[in-house]
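> I'll drop the sequence and a predicted model, then ask my questions.
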Amino acid sequence: MAKGDAEDPLLEQPSDSSHLPSIRQNALTKRRYRRSKTVPDKICYPEQNSPSSLQHRESIFENTLDFKLVLLLLSAYVGVGALCFFLVRYQMKGIKTNGIIDAVYFCIVTMTTVGYGDLVPDSTAAKSLACVFVFIGMALVGLLLSKAADTIIENQEILLVKAMHMREKCSPVDIIREAETNRVKYKFFTVLVALVMLVIVGTVFLYWKEGLEFFDAFYCVCATITTLGYGDKSFSTSGGRVFAAFWILISTICLAQFFYSLAELYTERRRKSLVNWVLTRKFTVSDLEAADFDNDKVVSAAEFIVYKLKEMGKISEEDIAMVMEGFKILDTDQSGTLTKADLMNPGSSDA
């Protein structure tokens, strides 16, 4: 095959359409022959049958999250912040309980931007310290804790699917496959369940421990998890502030995850609607011409797939161009096909 043929877009097809049936039949025969030579009679696909292989597959470009690092950074932030605010505790005004507890409580309230106003800095040094810690805390929440919460929630999706199908006879593989197929939906429901539980726990605790009326307790919960922090209702006891140090951090992040999952669910439904429209609409003559990337008057299966993927928005012209560029680099003999010789002699084309 000539050099120019290898540079045609996508997969080059023969220019003489009269030979297409025989060529395709030969190619099919070759594929069948290769399969019979290399694959046993009973084919087993572990990637389809193994439960572990059906776990959430992350892209190789995504950073793996080190929970020990997250815990270390969070502990360092709270520890250093609590120490600093404890040292300036006499430069703080508001409702005070225990010096150490108040320092940790103020650190968490600052990091999550709840800002009740029940405990505030009252000097230039304390205010400067609060300014520094609020930015560091927001960065920690945005970059690390939200990602950690997202990972934890995704790991709990399997439990939710099991609970929803507990009366059905489903194998572990079926359950994992169901969670993988409807990942966005189950993630949303998992976050919703967690958020409802946190609201209930916070409301009951404020009603029982802080002595608030039931509706006031619910009102305080809503003002807290949305980070409004009006300040008219808050945690004013030492025990309440110990609880708040954990509950505020978890509940505010959970609410952020809820709205993110809601937007993701909406986007996913729109994407599925687009995919369904692309797959079910009538394939017209204009589509045939547009899908004929190599202009040979024939649309191959590869061209059809690429055209549909473009319509679905899964790939773009730039993606195709980059892949084809990589193909040309690997195709050292410039034959338009890849062979073992191409891979074993990567520098032959430069000779």
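Ah, there it is.

> alpha carbons only for contacts and neighbour counts from here, please
Will do.

> buried residues, stretch 334-343. List them.
Q334, S335, G336, T337, D342 (16 or more other Cα atoms under 10 Å).

> which residue ranges of the stretch 1-150 of the chain form strands?
In the stretch 1-150 of the chain, the strands defined using DSSP state E, counting those that start in this stretch lie at 92-94, 119-121.

> most packed of these?
strand 119-121 (a mean of 20; mean count of other Cα atoms under 10 Å).

> please convert the strands of the stretch 1-150 of the chain to JSON lines, extending it with distance to I200.
Listed next are these as JSON lines, based on distance: least, Cα to Cα, whole Å:
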{"stretch": "strand 92-94", "distance to I200": "28"}
{"stretch": "strand 119-121", "distance to I200": "25"}
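
> of all the ones you listed, which one is nearest V323?
Nearest of the strands of the stretch 1-150 of the chain to V323, taken as Cα to Cα: strand 119-121 at 57.3 Å.

> the closest one pairs with which strands, parallel or anti?
strand 92-94 (antiparallel) (DSSP bridges).

> average pLDDT across the strand it pairs with?
Averaging pLDDT along strand 92-94 gives 93.

> ok, stretch 264-277 next?
Here the average pLDDT along stretch 264-277 is 84.

> then that stretch to PDB, C-alphas only?
The C-alpha atoms that make up stretch 264-277 are tabulated as PDB, following Å, rounded to 0.1, in the frame of the first residue of the first chain:
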ATOM      1  CA  GLU A 264     -24.600  14.900  37.800                       C
ATOM      2  CA  LEU A 265     -27.800  13.000  37.700                       C
ATOM      3  CA  TYR A 266     -29.500  15.600  35.600                       C
ATOM      4  CA  THR A 267     -26.500  15.700  33.200                       C
ATOM      5  CA  GLU A 268     -26.500  11.900  33.000                       C
ATOM      6  CA  ARG A 269     -30.200  11.700  32.100                       C
ATOM      7  CA  ARG A 270     -29.700  14.300  29.300                       C
ATOM      8  CA  ARG A 271     -26.800  12.400  28.000                       C
ATOM      9  CA  LYS A 272     -28.800   9.100  27.900                       C
ATOM     10  CA  SER A 273     -31.600  10.900  26.100                       C
ATOM     11  CA  LEU A 274     -29.100  12.200  23.500                       C
ATOM     12  CA  VAL A 275     -27.600   8.700  23.100                       C
ATOM     13  CA  ASN A 276     -31.100   7.200  22.700                       C
ATOM     14  CA  TRP A 277     -32.000   9.800  20.000                       C
END
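
> which other residues reach it?
Residues outside stretch 264-277 that contact it (Cα atoms under 8 Å, 6 or more residues apart in numbering): V184, K185, F188, M312.

> just stretch 103-119 next, same as before
Residues outside stretch 103-119 that contact it (Cα under 8 Å, 6+ apart) are 78-79, 81-83, 85-86, 89, 92-96, 130, 133-138, 141, 224-232, 234, 241-242, 244-245, 248-249, 252.

> next structured bit after the helix or strand containing T190?
Following DSSP states H and E, one finds T190 within helix 183-208. Sequence order places helix 214-225 as the next helix or strand after helix 183-208, per DSSP H and E.
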